[in-house]
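K.L.:
here's a sequence, model it:
(chains A and B)
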Amino acid sequence: MEKVLGIAHVAILESFRRKDPYVVLILGLVIVSGAALFNQFGIEGLEKFVKDVALTVTNILCIAICVVAAARQLPVEINNRTLYPLLAKPVSRTTVFLGKYVGVGLMSSAVVLLFWVELLAIFLLFGISAGAIFFQALYLRILSMWLIAAIVVTLSLFLTHGANVTVSLLLCLAMSTFANTVLAVHSELEGAARRLAEAVYWVVPHLELFDLSKKVIHDWPSIPGVALAALTGYAVIYATIFLALGCWRFRRTAL
Amino acid sequence: MRAKLFPLSLLPGFVLCGLLIEFHDARIKTTRTQFTAEELEAAKESIALSLMGQIQFTAHSLIWMKTLEYLHYGVALRTPTAAEERRGFRAREATDVASGLAHKCGVPVALSDEMDWRGPVGRLHRAVMPHMQIHRHSDPVELIPWYQLTLKLNPNLERLYTLSAFFMADFAGEPQEARSLLEAGVKTNPWTFEIRAALGRLLFDYHQQLGLAPTTAYEKAAEALREAIAYGKEEKARIEKAEGRFDAYQDQLFYESYLFLAKSLTELERYDNALAVCDEGYEITKHNLLNVQRRITTKRMSGE
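P.N.:
Residues are numbered from 1 along each chain as shown, chains lettered A, B, ... in the order given. Purely as a prediction, here's the structure:
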């Protein structure tokens, strides 16, 4: 575990060296300016819109940063040949893989936290209330970061860097549309087509379930603890499957 | 040698392109004959056909969709499929809206408990997504800034002026703002009968809150409603010529134009004019309230 955390620490340091957190802060500032812009047009009472824009942009940026960071961890190490001195030390490939995963997970969680603090500041500035659901949304967003990191780090061992980023971003950002489409057309399908649609629905990761933005925007009450527990279980199981697959693949990869 | 001959392989492609151009050119010429030179010239200047206009229209459509989402507490709605309708999963009538705003709303994207084939995952989905069994609407007052923003992007959305003014006056208690909006709407859309009809009714209903003397208010209302009727007749004729008909909201605004003009003239003690308006209105719209108004005006005329 110590070795895993050591590698994770290096991964986080590298992210800071690449100035990722600063990018996050600048982008956050852009959100604030964008939201404040509407008051310049003389349109007041758009609190929900401010929440909507801020949360949508935050979610997209968090996902993008997580995907990009997770996708580059192993391919960059392999291409730069910096992986070899690391493996020359008494650390197994599994430790390196898990270390990279934990590093990305922690860094992405920190990014989400940073964004949420920024959102809270914006909401306070505009006098917008943020109830318990806001903090539940924060928890689920952090949870989804760990799930996304597991998927992307694993896919980076199967796909090229570009393909991995594209597929992962599609999985993360278009999953809601895909899932809703399956739900809408399901009743019209019959036989093999219906079974195929159901199989695809069950296999793909349902990242849309980790997004409480709409409930935050429209001031819905908090969701039951059972739902949070179920989603935590879902994320843990799904991430474990992907991590096991990734470890297996990484151990067998010829370097 | 093969490399030198390669350009020749492009020849069939060029020929095909030429044929396509010929085919489409003929179609464009045919289409052009359906329009006058003035109409084609106007189309060149049309905001809807410019790039910025397209962006503007797309933006207003997106915001319009957002207003629908906001009106339903963030619940995403869709049209049910034929199979779903057969199983009783139907769009429901909105019951908590004023007359003229009645509409059928779609079904929530997250399926109902009976329809859902996903068991606990379906319940989880309904727990995390905004979902409602009974169709409800949020406070329309919060939609006013959205409508204002949409009207900034597309100032020709006549229906939005009347809807927004209705919410401003009735729900938010801001008739002065509603009047300013409707007057701006008439200025931007001089051909409109809908906005004029709404303005006339607002002046009649809210003259006290607007700080207008009754006679002045009724005169102004009568003027707006007379124009509304004139433009409404033109609009009706144009739609019927294209084998269409007024929608329910237009029908309502049209008969209300006659009704409130008759009421205004009655208040101004121009009884003969009011009766003539009632007769003409009933003949055109067949709305019974105009007969009721006729009786009221007759009673007032005879001093009862």
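K.L.:
now residue A:83, nearest residue through space, not along the chain?
P.N.:
Nearest in space to residue A:83, with sequence neighbours left out and distances taken as CB to CB, 6 or more residues apart in numbering or on different chains, is residue A:77 at 4.1 Å. For every residue, glycine as well, the C-beta is placed using N, CA and C.
K.L.:
correct me, but the one you found touches residue A:84?
P.N.:
No: using CB atoms under 8 Å, residue A:77 is not in contact with residue A:84; the gap is 9.1 Å.
K.L.:
residue of the stretch 201-304 of chain B nearest chain A, please.
P.N.:
Proximity of the stretch 201-304 of chain B to chain A (CB to the nearest CB) peaks at residue B:209, 20.8 Å away.
K.L.:
so that residue: helix, strand or coil?
P.N.:
Following DSSP: H, G, I helix; E, B strand; the rest coil, we place residue B:209 in the coil state.
K.L.:
quick one: residues contacting residue 168.
P.N.:
Went with chain A since none was named. A:67, A:70, A:71, A:148, A:151, A:152, A:155 (CB atoms under 8 Å, 6 or more residues apart in numbering or on different chains).
K.L.:
hmm, I had chain B in mind actually
P.N.:
Taking CB under 8 Å, 6+ apart, one finds B:144, B:174, B:175, B:177, B:178, B:181 in contact with residue B:168.
K.L.:
sorry, back to before: what's the distance between the residue nearest to residue A:83 and chain B?
P.N.:
Distance of residue A:77 to chain B, computed by CB to the nearest CB, to the nearest Å: 36 Å.
K.L.:
next step: the contacts of residue A:168 restricted to helices.
P.N.:
Mapping the contacts of residue A:168 onto helices (DSSP state H) picks out A:67, A:70, A:71, A:148, A:151, A:152, A:155.
K.L.:
just the CA atoms from stretch B:242-256 would do, formatted as PDB, please.
P.N.:
Extracted in PDB, the C-alpha atoms of stretch B:242-256 (Å, rounded to 0.1, in the frame of the first residue of the first chain):
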ATOM      1  CA  ALA B 242     -53.300  28.300 -47.000                       C
ATOM      2  CA  GLU B 243     -56.000  25.800 -45.900                       C
ATOM      3  CA  GLY B 244     -55.100  26.200 -42.200                       C
ATOM      4  CA  ARG B 245     -56.900  27.600 -39.200                       C
ATOM      5  CA  PHE B 246     -56.300  29.600 -36.100                       C
ATOM      6  CA  ASP B 247     -55.000  27.500 -33.100                       C
ATOM      7  CA  ALA B 248     -56.900  27.500 -29.800                       C
ATOM      8  CA  TYR B 249     -54.900  30.400 -28.400                       C
ATOM      9  CA  GLN B 250     -55.400  32.600 -31.500                       C
ATOM     10  CA  ASP B 251     -59.100  31.800 -31.500                       C
ATOM     11  CA  GLN B 252     -59.300  32.900 -27.800                       C
ATOM     12  CA  LEU B 253     -57.400  36.100 -28.500                       C
ATOM     13  CA  PHE B 254     -59.500  36.900 -31.500                       C
ATOM     14  CA  TYR B 255     -62.900  36.500 -29.800                       C
ATOM     15  CA  GLU B 256     -61.500  38.300 -26.700                       C
END
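K.L.:
and for the residue of the stretch 51-200 of chain A found nearest chain B, the neighbour number?
P.N.:
Going by CB to the nearest CB, chain B is nearest to residue A:187 of the stretch 51-200 of chain A, at 3.9 Å. Burial measure for residue A:187: 20 neighbouring residues, criterion other CB atoms under 10 Å in any protein chain shown.
K.L.:
hang on, it packs against residue B:87?
P.N.:
Yes: using CB under 8 Å, residue A:187 is in contact with residue B:87, at 7.1 Å.
K.L.:
what does the stretch 101-250 of chain B put close to chain A?
P.N.:
Residues of the stretch 101-250 of chain B lying near chain A by CB under 8 Å from any CB of the partner chain: B:109-111, B:115, B:117-118, B:120-121, B:124-125, B:127-130, B:138, B:142, B:144-146, B:148-149, B:152.
K.L.:
change it to 10 Å
P.N.:
With CB under 10 Å from any CB of the partner chain as the criterion, the stretch 101-250 of chain B comes near chain A at residues B:107, B:109-111, B:115-118, B:120-131, B:138, B:141-146, B:148-149, B:152.
K.L.:
what ranges does the stretch 101-250 of chain A have for its helices?
P.N.:
In the stretch 101-250 of chain A, the helices defined using DSSP state H, counting those that start in this stretch lie at A:132-155, A:161-173, A:175-186, A:191-203, A:213-217, A:225-252.
K.L.:
wait, residue A:47 touches residue A:218, no?
P.N.:
No: contact criterion CB atoms under 10 Å: residue A:47 and residue A:218 do not qualify, at 11.0 Å.
K.L.:
which residues touch the residue of the stretch 51-200 of chain A closest to chain B?
P.N.:
Shown in contact with residue A:187 (CB atoms under 10 Å, 6 or more residues apart in numbering or on different chains): A:194, B:80-87, B:89, B:111, B:115, B:117.
K.L.:
which SS class is residue B:130?
P.N.:
coil.
K.L.:
just give the closest residue to it, not the sequence neighbours.
P.N.:
Closest to residue B:130 by CB to CB, 6+ apart is residue B:74, at 4.0 Å.
K.L.:
would you list the phi and psi of the one you found?
P.N.:
phi 80, psi 0 (degrees, to the nearest 10).
K.L.:
mind checking how far the most centrally placed residue in chain B is from chain A?
P.N.:
Nearest residue to the geometric centre of chain B (CA atoms, centre = their mean): residue B:159, 3.3 Å. According to CB to the nearest CB, residue B:159 stands 20 Å off from chain A.
K.L.:
so who does that residue touch?
P.N.:
Contacts of residue B:159 (CB under 10 Å, 6+ apart): B:192, B:194, B:195, B:198, B:247, B:249, B:250, B:253.
K.L.:
ranking these by neighbours, who comes first?
P.N.:
residue B:198 (31 neighbours).
K.L.:
how many neighbours does the nearest residue to that one once chain neighbours are set aside have?
P.N.:
Using CB to CB, 6+ apart and skipping the chain neighbours, the partner closest in space to residue B:198 is residue B:162 (4.2 Å). Neighbour count of residue B:162, defined by other CB under 10 Å: 27.
K.L.:
isn't residue B:162 right up against residue B:249?
P.N.:
Yes: contact criterion CB under 10 Å: residue B:162 and residue B:249 qualify, at 8.1 Å.
K.L.:
chain B contacts on the stretch 151-255 of chain A?
P.N.:
Counting by CB under 10 Å from any CB, the residues of the stretch 151-255 of chain A that sit close to chain B are A:176, A:179-190, A:194, A:198, A:201-202, A:206, A:208-220, A:223-224, A:226-228, A:230-231, A:234.
K.L.:
mind doing that once more with 8 Å?
P.N.:
Checking the stretch 151-255 of chain A against chain B by CB under 8 Å from any CB, the hits are A:180, A:183-188, A:198, A:201, A:206, A:209-212, A:214-215, A:217-218, A:220, A:223-224, A:227, A:230-231.
K.L.:
just the buried ones out of those, please.
P.N.:
If you count burial by 16 or more other CB atoms under 10 Å in any protein chain shown, the buried members of those come out as A:180, A:183-184, A:186-187, A:201, A:206, A:209-212, A:214-215, A:217-218, A:220, A:223, A:227, A:230-231.
K.L.:
any regions of the chain where pLDDT drops low?
P.N.:
No chain in the question, so chain A it is. A:21, A:32-33, A:35-46 (pLDDT under 70).
K.L.:
nope, chain B please
P.N.:
B:1-2, B:47-48, B:93-104, B:304.
K.L.:
helices along chain B, start to end?
P.N.:
Going by DSSP H, chain B shows helices at B:2-5, B:11-32, B:37-45, B:51-71, B:82-86, B:120-128, B:144-153, B:158-166, B:175-188, B:194-205, B:214-241, B:248-267, B:271-285, B:288-301.
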